[in-house]
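just the structure for this:
(chains A and B)
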Amino acid sequence: QKEVEQDPGPLSVPEGAIVSLNCTYSNSAFQYFMWYRQYSRKGPELLMYTYSSGNKEDGRFTAQVDKSSKYISLFIRDSQPSDSATYLCAMSGNSGGYQKVTFGTGTKLQVIP
Amino acid sequence: EAGVTQFPSHSVIEKGQTVTLRCDPISGHDNLYWYRRVMGKEIKFLLHFVKESKQDESGMPNNRFLAERTGGTYSTLKVQPAELEDSGVYFCASSGTVKNIQYFGAGTRLSVL
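Down below sits the predicted model:
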């Protein structure tokens, strides 16, 4: 079983829709939870970063972490065609603060104008 | 501020040849990481440098891979001799000393024929 599970999609939505992206994980040592956005032929770009459980909002993006269920989500409001990309969930532990990051496979999102 | 830069962006070599990938981290970042994504799989950790020292090399696939970070600045990842299964995208990331947030380069796409 993978440490991080993520539906690869693809997910296709109309412009303006609310997008929900999710990951589950099995390692209870994970403390840092990230969402990266990756455009084709580019490197992952950090979108959201959350420590432990809770919600975090940044503009149209909201990240949620539920450690009791080992479940994290990313919501995108008023989705735009420029949001079309692959979204990677990622997480790491807290051993001195510099543990390796474990990634999900990524969900490919297409926002149709 | 310049981001993480990687050279070359794309490398095509034949099985048995040697390839060296280079990564220049964000200036001042002591932590440097190498990751790899093979076709259809998630991005996986290879190793982690703190300055010039290897902190964690648990993800290195075998002894055909050699990573160095002389002087604690840029890093190189050498594959010798390359095999077909080494094909994939090699990412470098760096992080500072304050937060456990890693910034990624655009990656080097390696094709072994």
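
element containing the spatially most central residue of chain B?
Nearest to the mean C-alpha position of chain B, by Cα atoms, centre = their mean, lies residue B:34 at 3.5 Å. Counting by DSSP states H and E, the element that carries residue B:34 is strand B:31-37.

restricting to C-alpha, output that strand in CSV.
Output of strand B:31-37 as CSV, limited to C-alpha atoms (Å, rounded to 0.1, in the frame of the first residue of the first chain):
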residue,chain,number,x,y,z
ASN,B,31,19.2,21.9,2.4
LEU,B,32,19.2,20.4,-1.1
TYR,B,33,17.2,17.4,-2.2
TRP,B,34,17.1,15.1,-5.3
TYR,B,35,13.8,13.5,-6.4
ARG,B,36,12.9,11.4,-9.4
ARG,B,37,9.7,10.7,-11.3
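
now do the very next helix or strand once past it and strand B:31-37, the angle between them.
Following strand B:31-37 in sequence order, the next helix or strand is strand B:44-50 (DSSP H and E). On the basis of axes from the mean of the first three to the mean of the last three Cα atoms, to 10 degrees, strand B:44-50 is oriented at 170 degrees to strand B:31-37.

would you mind naming what in chain B lies close to chain A?
Taking Cβ under 8 Å from any Cβ of the partner chain as the contact definition, chain B meets chain A at B:4, B:6, B:31, B:33, B:35, B:41-45, B:48, B:50, B:55-56, B:58-59, B:91, B:93, B:95, B:99-107. Backbone N, C-alpha and C define where each C-beta goes, glycine included.
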